[in-house]
Structure formats: C-alpha cells, structure tokens
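# make a model of this:
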Amino acid sequence: MGKLKSMSVFVRLNIGARSRYSLSLLYFLTAAVDFLVWIITPLFDGRVVTAPFLDDAVLGWVHLATLGWITMTIMGATFQLVPVLGGAKLYSERLGYWQYAFYLPGMILLTHGFWLHDPAWLMLGGMLLALAILLYVYNLLRTFLRIKQWNVVAVHIATALGYLLGVLAFGLLLVINRQNPELLGAGRLELLAAHAHLALVGWVSLTIFGVSYQLISMFAPAQGYSKRLSWWAYGTLNAGIIALTAGLVGGWAGLGRTGGLLLAAAALIYGAQIAEILRHHSETVKLAINIPYTLSAIFFLYGAIGLGLARLWGVRVPWSVYGLLILGGWIALTIVGQLQRILPFLTWLKRYQRPRPVKIGGRRTPTLDQMINRSWGWAGLACFNVGLFTAGTGLWLGLNALVTAGMTLYLLGALAFAANLIKLWRGA
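Below is the predicted model of the structure:
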C-alpha cells in the first residue's frame, strides 16, 4: 500500500509537468541569478551587512534576497507542486508569465529605489510587485478550488498566501510612508519589524514547512509515518506569528514575547516531524542530497530563534547576525537543498519520459542521483556552513576580514550549486 501511495505522487506530479516545467524553470533561473548577486554584493559593498537596519542599502539587499531569490523560487515551486496536491491543472500558465513580466521589473525597480534613496522608483516598483503578487495569489486560489481532497501541505501553502497579502499591505504602507512620514510617525520601526517577520515566518517559513513535508517524504521515500506533528507545528506557528505581529505593531512586549516562544515551539515540532519522516524512510534507498541541507537549515533556524528570543528579552544581539542566519542559513539552505532534488526530477520527466518503459540507470537514461554531482553538493554544503559561521562571527565581533572570508566561502558554495544546475541542464 505504501508503494502505491508513493507512486501516486509521482503520477500526479507528471500531470502537465512538461508545460509547467518551462514556467517554473523561468522563475528558478531568475532566482538563481538573484541569489548569486545577493551573495556577491557584500564583497563589494560592506554597508549591506554592517550598516544600521534602516539604512537603504541594507533594505535593498534584504529585498533582493526576499523578493528576488526566495519568493521567485517559491512561486516557481508552487506552480509545480500545488497542481500535484489534488491532481488538478494549474488554473492559468499564461497568468504565470504575465505575473513574471510585472514581477521582475518591479523587484528591480524596488531594490534600485532603495539604493538610490528614490521614493518614486520605490512606489513604481511596489505597484508592479503588487500587481504581480495579486495575479499569483489569484492563480493559485483558482487552482486550489479545483482540489477535491485537501491535505496538510495544501493547507500550509494556502494559509501562507494570506500572509503574503499581509506582507504586501505592510510593504505598500511603508513605501507610502516615505513620502508622508507623518503617516506612521514613530511607529515605522515597529511596522517594519512586523513586515519582515510576517514575510520570513508567515509567508516563507510556513510554505517551507508544508513543502518540506511533501518533498522529503516523496524522495526519501517514506511511508507510514504520523502527520500529527505537522498539524501541531502549523497551529503553533500561526498562533506565534499572529501574536508576534500584533505585539510588534501594538507595542505589547508581553504578547510579542509569547509569540516568539510559540514560534520557537513550532520550529522544534517541525524538526521532530522531519525526524519522524526520516525514521520511516526506505532503507533500500540512499538518502538524497536535500536531506543534509535540510538538517543544516534546521540547525541555523534554531540558532536564529535563540537570537530572536534574546532580542525580545532586551539582549543586544546584532540584527545582521540574526538576519544572516535566517536568510543565508535557514531559508537559503532549505531552498538550495530541495532544488537539487526537485529540479533533477522535473528535468528527468521532461527529458527522458517515454510512452513505453525505459531502463532506468542505463547509459542513456540516468537515475536522479546521476543527474547531479553529489560531491559538488556536499562540497557546497560545507562551504555554506563554514562560510555562515565565519561571516556571522565576523559580524558579531566587528571584524570585516572575517565577514569577507565567510561570504567568499559562501559564494563558493553557491558556485557549487550553480555547477550542479549547469550539469543538470547540459545533460552531462
């Protein structure tokens, strides 16, 4: 029975995969370029990691990661995954391309506006992004309406869309406030903190939780595990982000701290659910490269939560270290790891699927593991981990040489990831 369930996931993933592949690939490639630019930027402009959080250079750099790398990757992935969940077609691939046509210029104009301190560019970029995000949410919601049977993954993604709309509303309010500072007054910093956490926790982390359950169980593969913890993580994370956001916006320190503790609990439960899935993985199948990346990402998530709780209790923790662990550790490593599994699978379906059975692992039809270089994947993970630790230590101690060394190592990890993508698409 377990094998039949596992096979049904693969069959559903193939529904329309060939056409959606091109759409998702467009987003993935653009996101990968943004990722490399994001990593290289601190090597040429140290302000992005050393300046105060409200500095426009910092805000531009952060939005390059959140909008360019992270959100574009999620969009590309959900175009593939959401139809899988209920065996339904994506509502409109054409909307996906129109969305891209608005989203990419909007992201470029917004980040450009931060670096130029130009409210007009920020407003124009923000409006284009708003239009693109509304198209994305509409497209996915119409797709969700076609799903007959909901599961924990679909619920996670659908809920995250609501938080994405909240992020958009807060972001537009902050952009408008630049031209009308009296609008928010002294509350700008609190709203900015709420905007950031709603994006990184409500939109991104909730999506990661749900997608990881699906991808890790599918590629481990794992069957027969309990999903009870995933529902507990879902409820706890939602309660936590709502409490934290309300506490930050309303200035209620006690509520904010409660939210922080709930988010810490959600992260622990998420880790326990991943462990439960891995405990039931097939012993006849070698664990894929996305697993060690996921475990490293969880390690950095726990570190970031510890620093975040310390800040809520008044301990002076550098924002840059906290942000680096979230963006460069928890989120980036999760994405890089999962892409090194899902992209080979989608490419395999696109390139090698035939009407008649083919011999898997033969000379002309490689296995998924043969489509990328696992050694490059492991080397990249080592560079990512050591680079993050080195850069984080340098930021904490104020040693720019360590920051540069760490980001250089991190860049080498990204180049190893890029090399695997090139090998994959060249069919080497």
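# okay, now E190: neighbour count?
16 (other C-beta atoms under 10 Å). Backbone N, C-alpha and C define where each C-beta goes, glycine included.
# low-confidence ranges in the stretch 101-250 of the chain?
Of all residues in the stretch 101-250 of the chain, those with pLDDT under 70 make up the ranges 183-187.
# mind listing the helices in it by residue range?
Counting by DSSP state H, counting those that start in this stretch, the segments of the stretch 101-250 of the chain that form helices are 119-144, 152-179, 188-197, 206-219, 228-250.
# and the third one, what's buried?
Of the residues in helix 188-197, R188, E190, L191, L192, A193, A194, H195, A196, H197 count as buried by neighbour count, 16 or more other C-beta atoms under 10 Å.
# restricting to C-alpha, output it in CSV.
Extracted C-alpha coordinates of helix 188-197, given in CSV (Å, rounded to 0.1, in the frame of the first residue of the first chain):
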residue,chain,number,x,y,z
ARG,A,188,7.6,52.9,11.4
LEU,A,189,10.3,50.8,13.0
GLU,A,190,7.6,48.5,14.7
LEU,A,191,5.7,48.1,11.4
LEU,A,192,9.0,47.4,9.5
ALA,A,193,9.8,44.6,12.1
ALA,A,194,6.3,43.2,11.7
HIS,A,195,6.5,43.3,7.9
ALA,A,196,9.8,41.4,8.0
HIS,A,197,8.7,38.7,10.3
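# the closest residue to Y322 other than its chain neighbours: how many residues sit nearby?
The shortest distance from Y322 to any non-neighbouring residue, by C-beta to C-beta, 6 or more residues apart in numbering, is to L307 (4.6 Å). Taking other C-beta under 10 Å as the neighbour definition, L307 ends up with a count of 20.
# surely L307 meets I326?
No: with contact defined as C-beta atoms under 8 Å, L307 does not reach I326; the gap is 9.2 Å.
# tell me the spacing between G314 and A51.
Taken as C-beta to C-beta, to the nearest Å, the spacing of G314 relative to A51 amounts to 23 Å.
# ok, now L339?
Counting by C-beta to C-beta, the separation of L339 from A51 is 31 Å.
# and for H280?
H280 is 47 Å from A51, by C-beta to C-beta.
# ignoring the adjacent residues along the chain, who's closest to A265?
Taking C-beta to C-beta, 6+ apart as the measure, A265 lies nearest to T236, with 5.2 Å between them; neighbours along the chain are not counted.
# tell me the contacts of the one you found?
For T236, the residues meeting the contact criterion (C-beta atoms under 8 Å, 6 or more residues apart in numbering) are L262, L263, A265, A266, I269.
# in what helix or strand does the second one lie?
If I follow you right, that is L263. In this structure, L263 sits in helix 253-279 according to DSSP states H and E.
# pull out the buried residues from that helix.
With the criterion 16+ other C-beta under 10 Å, helix 253-279 contains buried residues 255-271, 273-274, 276-278.
# tilt between it and helix 228-250?
For helix 253-279 against helix 228-250, the angle by axes from the mean of the first three to the mean of the last three C-alpha atoms, to 10 degrees is 160 degrees.
# pLDDT of helix 253-279, averaged?
Here helix 253-279 scores 94 as its mean pLDDT.
# could you do stretch 340-351 as well?
In the prediction, stretch 340-351 has an average pLDDT of 81.
# buried sites along that stretch?
Of all the residues in stretch 340-351, those buried under the rule 16+ other C-beta under 10 Å are Q340, R341, I342, L343, P344, F345, L346, T347, W348.
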